[in-house]
Each structure stands twice: as C-alpha cells, then as structure tokens.
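Enquirer: just to be clear, the model below is a prediction. Sequence and coordinates:
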Amino acid sequence: MSETSRNSAPEGGQPGRIGIGLELDATHLKILEVLRENGRISVAALAERVGISRANAYTRFEALRADGAIKRFTAEIDHVRAGLGITALIFVTVRQQMWRQFRAQLAAMPEVEYCAITTGQHDAMIQVRVTDVAAVHAMVTDRLANIPAVKATETVFILDEVLRRPYVLPSDRGPGRSARRPAHDPAESAGGPGGARNAGGSGGAGGSGAGGPEGPGGEVPLGMMRFVGAAEGRAQLQRDV
C-alpha cells in the first residue's frame, strides 16, 4: 500500500527510527499481526481489520515505523522458483583474534542469506542458498577454507523447510498462556487418571521426560535435560505405585 510503504525519514532524522520510546499495546500488536499476513494492505483495510479508525491506524503505523518496531518492507520469494533449490547451514569455528576479517569476507559472499554468532561447539552459523550441491562444496573448500580467520567448518544440508514465519510476536501465545510449565503438578503426583508421577518419565510409547540432576523439590536446573526411554519410564512408574 502506498500509505504504509514509504521509507522517507523525518527531516534531519534517521530512516526508520527517531527514538520516540513507543510502548506497544494490544492494538499495535494486532497491526503487526495483520501486516505479517499482507504488508501491502491499505490503511483503510488495516483499520477495518484491527477495528480502529483510519486516522488511528495511520498514526499508530507511523509510530511503529518511527520507533523502529517496523524496520522495512520487503518481498518474500520462493527460492526454488528463483533457481536456488539447495539450502545449507555451515557452522564455522573462527580464530578469535580475526573476527573483523571474518565479517568482512562474509559480507562479500552474495549467496550468504543469514549469519549469526552462536554459543556451543562453533562460533558462527551461516545459511546459504545456491543452485546445487557443487556450489556449496566450492564455497566451503575454495572460499571459506582459504579465509585465514576460519579455523574449521561443518556443513549440514536442509532437506525441507517445515516452518518459516516472517516474524513472531508476544501475542502469538494468546492471552493467559504461561510461558513455563509448572514444575510440580499435585494431580499428577497423586496418581490421577492417566497421570504420570513426577518421576521424569512418560508411560507412552516413545515418551521422554526431564530428569537428571535435580534441585530442591525435584526441579530440573535450567538448561539441564535428560531423555528417558519408554521402557525405563514404565518401569519407574511401576516402582512408584
């Protein structure tokens, strides 16, 4: 839409951000939900979908842009139709004193769609989209391997992209839904119908449970998980009965 696709900046300001300190409310989030479905929607249609006046919709949209909550508008393409049918993740171990060189070299590779610095075994993850497997091989062996900043790489091919959202919002979880599951459910501990005791195992086929090193009250410390096989879980439940 013409009203919501302008990229002009306020006079003397920086495009997309003027630091107005906007606090997002439910109406702002609803606007972002609608724009996620159709970024070219008109202001009139946006107002109707959100249930506010056209003037209010325009004012709120401009506030979202000015504060930087909305950074830009772009097109989402079908990469296979565009001729880029191969997607791979390349995990890179970087020589710690050479990050600046690594960033500069990576910026010169047009096939790199995304790069993030990560925790864990590797230092960075690169996502590339190319025409065929040979292109990935050439990139890893001929280009990345010849960058002095790169110490090691590990490549994983993506077989199918099951889910990709333009962005997620806090409102996606819905009202009243807790982000964390209670550590202790009295109904389960009482052995209610169909309930498994809080023993770290599930009685269903292929079930898994959180267990391992436990803190006070049987709670599992944050970030520590173990998976219990179905047979082991059933045996534990029988012992507890």
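Expert: Cool, the structure landed.

Enquirer: for stretch 78-85, measure first residue to last.
Expert: For stretch 78-85, the first-to-last residue distance is 9 Å (Cα to Cα, to the nearest Å).

Enquirer: list the buried residues in that stretch.
Expert: The neighbour-count check on stretch 78-85 (16 or more other Cβ atoms under 10 Å) flags Leu84 as buried. (Each C-beta comes from the backbone N, C-alpha and C, glycine too.)

Enquirer: and if you look at stretch 135-152?
Expert: Residues of stretch 135-152 classed as buried under the neighbour-count rule (16+ other Cβ under 10 Å) are 135-136, 139-140, 144, 147, 149-150.

Enquirer: what's in contact with it?
Expert: Outside of stretch 135-152, the residues within contact range by Cβ atoms under 8 Å, 6 or more residues apart in numbering are 86, 88, 90, 92-95, 98-99, 101-102, 105, 109, 111, 128, 130, 153, 155, 157.

Enquirer: cross these against helices and list the overlap.
Expert: The helices, defined by DSSP state H, take in 99, 101-102, 105 from the contacts of stretch 135-152.

Enquirer: mind checking what secondary structure Leu24 has?
Expert: What DSSP: H, G, I helix; E, B strand; the rest coil gives for Leu24 is coil.

Enquirer: which parts of the protein are strands?
Expert: Applying DSSP state E to the chain gives strands spanning 86-94, 112-117, 124-130, 150-157.

Enquirer: show me the shaky parts of the chain.
Expert: Within the chain, the ranges that satisfy pLDDT under 70 run 1-20, 175-241.

Enquirer: how about the helices in it?
Expert: Under the criterion DSSP H, helices of the chain are mapped to 26-37, 43-50, 54-67, 99-107, 133-138, 186-189, 230-240.

Enquirer: would you list those in a markdown table and tack on distance to Glu76?
Expert: Converted to a markdown table, these look like this (distance: least, Cβ to Cβ, whole Å):
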| stretch | distance to Glu76 |
| --- | --- |
| helix 26-37 | 11 |
| helix 43-50 | 19 |
| helix 54-67 | 19 |
| helix 99-107 | 22 |
| helix 133-138 | 22 |
| helix 186-189 | 43 |
| helix 230-240 | 41 |
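
Enquirer: pull out the buried members of the contacts of stretch 135-152.
Expert: For the contacts of stretch 135-152, a burial check counting by 16+ other Cβ under 10 Å picks out 86, 88, 90, 92, 94, 102, 105, 111, 128, 130, 153, 155.

Enquirer: most widely separated two among the residues you listed?
Expert: Ile86 and Val94 (24.0 Å; Cβ to Cβ).

Enquirer: that older thread, could you single out the nearest of the ones in helices among the contacts of stretch 135-152 to Leu163?
Expert: Distances from Leu163 to those, taken by Cβ to Cβ, are shortest for Phe102, at 29.7 Å.

Enquirer: now that closest one: closest residue in space, sequence neighbours ignored.
Expert: Ala149 (3.9 Å; Cβ to Cβ, 6 or more residues apart in numbering).

Enquirer: go on, Arg129?
Expert: Spatially, and ignoring its direct neighbours in sequence, Arg129 is nearest to Leu84 (4.1 Å; Cβ to Cβ, 6+ apart).

Enquirer: could you measure from Thr27 over to Glu48?
Expert: According to Cβ to Cβ, to the nearest Å, Thr27 and Glu48 sit 14 Å apart.

Enquirer: what's the answer for Thr87, then?
Expert: 38 Å.

Enquirer: who's the closest residue to Cys115 other than its chain neighbours bridged to?
Expert: Sequence neighbours aside, Ile126 is the residue nearest to Cys115 in space, at 4.9 Å (criterion: Cβ to Cβ, 6+ apart). Beta-bridge pairing of Ile126 under DSSP bridges involves Ile90, Cys115.
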